[in-house]
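K.L.:
Build me a structure from this.
(4 chains)
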2 protein chains.
Amino acid sequence: MRILIVEDEVGISNFLKQGLEEENYAVDVEENGKSGLELALSGEYDLLLLDWMLPGISGIELTRQFRVSFPDTPIIFLTAKDTVDETVFGLQSGANDYIKKPFHFEELLERIRVQLRNRSKENESLTLGPIRLIPQSFQVFKNSEEIPLTQKEFALLEFLIRNKNKVCRRTRIIESVWDIHFEYNTGVIDVFINSLRKKLNLQKDEDYIQTIRGVGYMAKEL
Amino acid sequence: MRILIVEDEVGISNFLKQGLEEENYAVDVEENGKSGLELALSGEYDLLLLDWMLPGISGIELTRQFRVSFPDTPIIFLTAKDTVDETVFGLQSGANDYIKKPFHFEELLERIRVQLRNRSKENESLTLGPIRLIPQSFQVFKNSEEIPLTQKEFALLEFLIRNKNKVCRRTRIIESVWDIHFEYNTGVIDVFINSLRKKLNLQKDEDYIQTIRGVGYMAKEL
DNA sequence: TTTATTCCATGCGAATTCTAATTGTAGAAG
DNA sequence: CTTCTACAATTAGAATTCGCATGGAATAAA
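P.N.:
Next up is the predicted model:
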């Protein structure tokens, strides 16, 4: 998980960076509000830690502009201010949480975890009958037995399942899985379909990967 | 973090639910002991808040039955009783902490944090077969024999074990262990994997660090 | 400086991907 | 129903890619 810290007090940011890195987050630090916003807009980050007061532009303004492009990335404010009004103002501007300085590092960690847990649709899995494909961990199961697949086999199966119950033309498959965008007449697809069916050990009554003659293939829920 | 409150006094449970949700916990409330147990056994929750006296079955009995399936989920009792005997009895039945009514919400929050923190630390018994990795002391053991590792070796192994049984893409590894966020094609990972396998002296039948060709590596429990 | 760690460059070997030739089959045409 | 044709399935092996191991260079630490 990647976290961007925008904080002008080097002491704090170093402390945070070090601590968060020990927790396996990848951390970048930016001191200036303006360049912080630019970095944030790169879309590289899963969470922002913003100081309330920043040189350049304020954390609130940064949040407001950032939210236009990234409505879902969690933002946590680090703030010395504790008046209700300003806190409300901050949260209204699009932040998800705030923490008052000085704070315990553990408490910050917890808030970060909460935000990231809510946001990450963690184990998104694609299914096709007894077959379960997990894109993130690059694993395929059939009846909870793991099936080792090669890269291309995996990519092909993923494409088919994502287009479940839709016929996939050979040209579409070649485009998406092989990234070939011109007319290309080849037998690769057949070969990989073949090895997929083999590895998945599909029986006669398990016609999950169907051939559409003259067109392509279809992953079909039975 | 998901919390289940089992409490028959609606006033208290509403108060708790609202407060905890403001702290970004996901909260469910159940009034009845029996149905509370059923809900708890769904395994959806990271922590239980139980009233001592409940309609249906008592908090103690709930705890006892719940512990069979979930020995690690923290349980905090809310109790009006304050005799030492009964408290001891409650803790022996498998609760982790208790708090006497009436209580300050902040205090409850603190106890919840402590429990969740302890859990997440304890559950980080980072093991992989005979390999045990202790993040705090920066040590790695194999069969209680210490294996000296360098920083990067340690970081890499830690990352792999934290993602045990999941394939780690090279890009993720580079991101998390080396903190490099752009496309970077290099052989470093291979080199360190190599030295890890060497230092850990993995035999043929100890395929704990598996290569997923074209994708990355996976720490796998055999 | 010396020493240890991290990283780079290389060739080899092995797994994957692809080509191509053969065999099998569905469906149309007769 | 039989034959024919076009397409799909299967297989072997060629081509390619990728990971492994190694030695040593660059960098950081002592």
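K.L.:
Could you measure from residue A:68 over to DNA strand D?
P.N.:
Look at residue A:68 and DNA strand D: by C-beta to the nearest atom of the strand, to the nearest Å, they are 37 Å apart. For the C-beta atoms, the positions are set from N, CA and C on the backbone; glycine is no exception.
K.L.:
What's the first helix or strand after the helix or strand that contains that residue?
P.N.:
Secondary structure from DSSP states H and E places residue A:68 in helix A:59-69. Scanning forward in sequence from helix A:59-69 by DSSP H and E, the next helix or strand is strand A:75-79.
K.L.:
Pairing partners for that following strand, with directions?
P.N.:
strand A:47-51 (parallel), strand A:97-100 (parallel) (DSSP bridges).
K.L.:
How is chain A divided into domains?
P.N.:
Structural domains annotated on chain A: A:2-119, A:126-219, as defined by automatic domain parsing.
K.L.:
check whether the first one contacts DNA strand C.
P.N.:
Which is domain A:2-119. No - Domain A:2-119 stays clear of DNA strand C (C-beta under 7 Å from any atom of the strand), getting no nearer than 13.6 Å.
K.L.:
Is there a neighbour count for residue A:141? I'd like the number.
P.N.:
15 (other C-beta atoms under 10 Å in any protein chain shown).
K.L.:
ditto for the one 3 residues further on
P.N.:
Residue neighbour count, defined by other C-beta under 10 Å, stands at 7 for residue A:144.
K.L.:
distance of it from DNA strand D?
P.N.:
For residue A:144, the distance to DNA strand D - C-beta to the nearest atom of the strand - is 25 Å.
K.L.:
picking that back up, packed most tightly, which of the domains of chain A would that be?
P.N.:
Sort those by mean neighbour count, taking mean count of other C-beta atoms under 10 Å in any protein chain shown, and domain A:2-119 sits at the top with a mean of 17.
K.L.:
Need the residues that contact stretch A:47-66.
P.N.:
Residues outside stretch A:47-66 that contact it (C-beta atoms under 8 Å, 6 or more residues apart in numbering or on different chains) are A:1-9, A:12, A:16, A:31-37, A:40-41, A:73-81, A:89-90, A:93-95, A:112, A:115-116.
K.L.:
Endpoints of that stretch, how far apart?
P.N.:
The first and final residues of stretch A:47-66 sit 12 Å from each other (C-alpha to C-alpha, to the nearest Å).
K.L.:
mean confidence for that stretch?
P.N.:
Across stretch A:47-66, the average pLDDT comes to 86.
K.L.:
now do stretch A:174-183
P.N.:
The pLDDT scores in stretch A:174-183 average 86.
K.L.:
OK, contacts around residue A:95?
P.N.:
Taking C-beta under 8 Å, 6+ apart as the criterion, residue A:95 is in contact with A:50, A:63, A:75-77.
K.L.:
Can I take it that it is in a strand?
P.N.:
No - with DSSP: H, G, I helix; E, B strand; the rest coil as the criterion, residue A:95 is assigned coil and is not in a strand.
K.L.:
And the closest residue to it other than its chain neighbours, what's its pLDDT?
P.N.:
Nearest non-adjacent residue to residue A:95, counting by C-beta to C-beta, 6 or more residues apart in numbering or on different chains: residue A:75, 4.6 Å away. Per-residue pLDDT puts residue A:75 at 88.
K.L.:
With residue A:18 instead?
P.N.:
The per-residue pLDDT reported for residue A:18 equals 68.
K.L.:
okay, and the helix or strand of chain A with the least pLDDT?
P.N.:
Taking mean pLDDT, DSSP states H and E as the measure, chain A has helix A:84-92 as its least confident helix or strand, at a mean of 54.
K.L.:
what residue ranges in chain A score low on pLDDT?
P.N.:
Along chain A, segments meeting pLDDT under 70 span A:18, A:22-24, A:80-93, A:100-107, A:110, A:114, A:117-124.
K.L.:
what about residue A:8, distance to residue A:45?
P.N.:
For residue A:8, the distance to residue A:45 (C-beta to C-beta, to the nearest Å) stands at 18 Å.
K.L.:
How about residue A:58?
P.N.:
Distance from residue A:58 to residue A:45, by C-beta to C-beta: 19 Å.
K.L.:
Where do the strands of chain A begin and end?
P.N.:
Listed in chain order, the strands of chain A (DSSP state E) span A:2-6, A:26-30, A:47-51, A:75-79, A:97-100, A:126-128, A:131-134, A:139-142, A:145-146, A:168-169, A:209-212, A:216-219.
K.L.:
Just want the angle from the third one to strand A:2-6.
P.N.:
Direction vectors for strand A:47-51 and strand A:2-6, defined by axes from the mean of the first three to the mean of the last three C-alpha atoms, to 10 degrees, enclose an angle of 10 degrees.
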